[in-house]
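Engineer: Turn this into a structure:
(one chain, ligands or ions: 1)
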Amino acid sequence: MIELIVFTLVAAFVLEASLEQLNQGSALKKPDPLVADLYDKTGREKSIKYGAEKNRSSLLSSALSLSVLILALTFGWFADLDRQISKSIDNALLTSLVFIWLLSVISWWISLPFTLYSTFSIEKRYGFNTTTLKLFIVDSVKGTLISLVIGGPVLALVIWLYQEFQGSFWIYAWALVAAVSLFMFMFGTKLILPLFNKLTPLPGGDLRTAISNYCDSQGYSLKNLYVMDGSKRSTKANAFFSGLGKSKTIVLFDTLIEKLTQDEIVAVLAHEIGHYKKRHTLASFTASNFQTFAIFALFGWALQYDQLSETLGAATPSFHLSALTFFILLTPLQIVFGLINNSLSRRNELAADTFAAQTYKRAPMRSALSKISTDSLSNLTPHPLYVAFNYTHPPLVARLRNVG
Ligand SMILES: [Zn+2]
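Structural biologist: This is a model prediction of the structure:
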């Protein structure tokens with residue numbers, strides 16, 4: 001089975017590398033007349049170079065992770081680590097927790113040089129990065145603490161459920177994960193985001209009046225509309241909708257407000273309200289729960305096979321070693337789920353654009369999309385396969401054509 005595990009990992013990497021390669025070639029293609037004059041010659045060259053540098057860095061990062069994983073599989077490092085932890089901790093649940101935590105720490109350190117290079121070299125050189133090293137460290141510490149405080153107990157409960165219920169644990173574990181993700185879905189923006197960013201209600205003035213008039217016309221309450229200080233990390237403009245029902249929230253980055261005209265900002269806001277009106281968040285939440293249900297069901301079934309642990313070189317099977325093998329072997333299914341989710345998301349983006357064009361105005365929606373795209377040096381001619389695997393938002397040409 002170890003051959004199958006290595007094959008799965010290598011195949012996933014080859015797929016990723018081939019898609020990057022295809023996309024590199026596609027970036028050099030002549031753009032559609034719709035977007036042909038959005039970049040001047042230097043702008044286009046800059047966009048191609050930026051894309052190439054980002055691709056190279058992410059491929060190198062994947063290649064390093066893959067190499068370390070293959071070494072670990074070949075030399076039985078996972079079983080060694082398991083033995084070391086079990087020696088000092090005489091408790092199966094704690095052993096699993098420490099093992100999983102250590103693996104995530106190690107993988108964080110492996111990708112750290114690439115994260116640093118991407119943030120402080122690539123993003124900096126192209127004028128996007130505003131993160132300081134101090135902020136980067138503070139963010140990392142906060143991120144780790146949050147994952148320990150929220151992820152730790154959830155993981156501990158899942159392992160405990162497995163110890164108590166064995167074969168039928170997965171249904172309880174799924175229900176637990178679904179409940180936690182529902183909570184995060186509704187309150188994540190309110191509880192977690194303020195730990196990283198300052199959210200302020202949009203101040204009174206022309207923009208607020210224009211937004212308020214539009215919201216009134218749509219019967220949408222303006223209660224949770226915030227401006228976020230995105231500029232403290234990047235100059236890239238963004239906006240998003242989150243939450244369900246009463247917890248619905250729209251966040252506009254300060255960079256968006258700075259770069260777009262008033263009409264364009266209202267159009268972007270109308271797009272976000274479109275996500276709410278068309279129940280997109282509810283749909284994607286439901287879809288992701290179906291997927292975790294399928295994954296947990298498979299996981300529950302697979303855990304009865306001790307070979308999952310033994311193939312990593314362990315003498316005694318354990319939850320964490322079996323889980324590791326299981327999730328590597330699950331990669332093809334995860335890729336299929338990714339394709340489905342991306343396609344669903346891209347369809348929703350087009351529907352939200354249409355909503356904004358119909359309920360507000362067409363022209364500012366078009367110019368806002370063009371500005372946001374070119375401002376972030378995005379690739380105007382991505383390869384369709386690369387889009388299918390990686391894009392949650394359609395390429396600019398498709399969005400402009402859809403808005404009409
Ligand atoms: Zn959207």
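Engineer: Point out where the stretch 51-200 of the chain drops to low pLDDT.
Structural biologist: The model of the stretch 51-200 of the chain has no residue with pLDDT under 70.
Engineer: Most proximal residue of it with respect to the ion?
Structural biologist: Nearest to the ion in the stretch 51-200 of the chain, going by CB to the ion, is T189, at a distance of 14.9 Å. C-betas here are computed from N, CA, C, even on glycine.
Engineer: Can you name every helix or strand that the helix or strand containing P153 contacts?
Structural biologist: Here P153, judged by DSSP states H and E, is contained in helix 152-165. Applying 3 or more CB pairs under 8 Å, 6 or more residues apart in numbering; DSSP states H and E, one finds that helix 152-165 makes contact with helix 92-117, helix 169-191, helix 319-329.
Engineer: Just the buried positions in the second one, please.
Structural biologist: If I follow you right, that is helix 169-191. 169-170, 172-174, 177-178, 181, 185-186, 188-189 (16 or more other CB atoms under 10 Å).
Engineer: quick one: which two of those are the most distant?
Structural biologist: F169 and T189 (31.1 Å; CB to CB).
Engineer: The lengthiest helix in the chain: which residues count as buried?
Structural biologist: Across the chain, the longest stretch assigned as helix under DSSP state H is helix 41-74. For helix 41-74, the neighbour count (16+ other CB under 10 Å) marks 44, 47-48, 50-55, 57, 59, 61-62, 65-66, 69, 72-73 as buried.
Engineer: between it and helix 319-329, how many degrees?
Structural biologist: 130 degrees (axes from the mean of the first three to the mean of the last three CA atoms, to 10 degrees).
Engineer: What helices and strands are in contact with helix 41-74?
Structural biologist: Against helix 41-74 (3+ CB pairs under 8 Å, 6+ apart) you get helix 2-27, helix 92-117.
Engineer: Name the residues of this structure found near the ion, please.
Structural biologist: For the chain, the residues in contact with the ion (CB under 5 Å from the ion) are 349, 352.
Engineer: so who does the residue of the stretch 201-350 of the chain found nearest the ion touch?
Structural biologist: The nearest approach of the stretch 201-350 of the chain to the ion comes at E349, 4.8 Å away (CB to the ion). The neighbourhood of E349, defined by CB atoms under 8 Å, 6 or more residues apart in numbering, consists of 392-394, 399.
Engineer: ok, 10 Å please
Structural biologist: By CB atoms under 10 Å, 6 or more residues apart in numbering, the contact set of E349 is 271, 274-275, 280, 391-394, 398-399, 402.
Engineer: Columns mean neighbour count on top of the helices and strands packed on helix 41-74, output as CSV?
Structural biologist: Formatted as CSV, those follow (neighbours: other CB atoms under 10 Å):
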stretch, mean neighbour count
helix 2-27, 15
helix 92-117, 16
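Engineer: Can you add distance to E310 and give the ones you listed back as CSV?
Structural biologist: Formatted as CSV, those follow (distance: least, CB to CB, whole Å):
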stretch, distance to E310
helix 2-27, 10
helix 92-117, 16
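Engineer: In three-state terms, label S378 for me.
Structural biologist: coil (DSSP: H, G, I helix; E, B strand; the rest coil).
Engineer: what pLDDT, on average, does the one helix or strand L333 maps to get?
Structural biologist: Using DSSP H and E, L333 sits within helix 331-359. For helix 331-359, the mean pLDDT works out to 97.
Engineer: Equivalent analysis for stretch 296-308, please.
Structural biologist: 96.
Engineer: Only the buried residues of that stretch, if you could.
Structural biologist: 296, 299-300, 302-303, 308.
Engineer: Could you pull up phi and psi at the nearest residue to A36 once chain neighbours are set aside?
Structural biologist: Leaving out its chain neighbours, the residue that sits closest to A36 by CB to CB, 6 or more residues apart in numbering is K30, at 7.7 Å. In terms of degrees, to the nearest 10, the main-chain angles of K30 are phi -70, psi 130.
Engineer: tell me the strands in the stretch 201-350 of the chain, going along the chain?
Structural biologist: Counting by DSSP state E, counting those that start in this stretch, the stretch 201-350 of the chain has strands at residues 225-228, 239-242, 249-253.
Engineer: how far away is R233 from D306?
Structural biologist: 46 Å (CB to CB, to the nearest Å).
Engineer: Could you list which residues are in contact with the residue lying closest to N402 once chain neighbours are set aside?
Structural biologist: Of all residues not flanking N402 in the chain, L350 sits nearest, at 4.7 Å (CB to CB, 6+ apart). By CB under 10 Å, 6+ apart, the contact list for L350 reads 393-394, 398-399, 401-403.
Engineer: mind listing which of those are in helices?
Structural biologist: Per DSSP H, the subset of the contacts of L350 in helices is 398-399, 401-403.
Engineer: Looking at these, which is nearest the ion?
Structural biologist: Nearest member of the ones in helices among the contacts of L350 to the ion, counting by CB to the ion, is R399, at 10.0 Å.
Engineer: my read: the closest one touches S367, true?
Structural biologist: No - counting by CB atoms under 10 Å, S367 is not a contact partner of R399; they are 12.0 Å apart.
Engineer: more neighbours, those two?
Structural biologist: Each of R399 and S367 has its neighbours counted (other CB atoms under 10 Å); R399 has more, 21 against 16.
Engineer: OK, contacts around V10?
Structural biologist: 66, 69-70.
Engineer: residue contacts, the residue nearest to V68 when sequence neighbours are not counted?
Structural biologist: Among residues not flanking V68 along the chain, I110 sits closest, at 6.0 Å (CB to CB, 6+ apart). With contact taken as CB under 10 Å, 6+ apart, I110 is in contact with 61, 64-65, 67-69.
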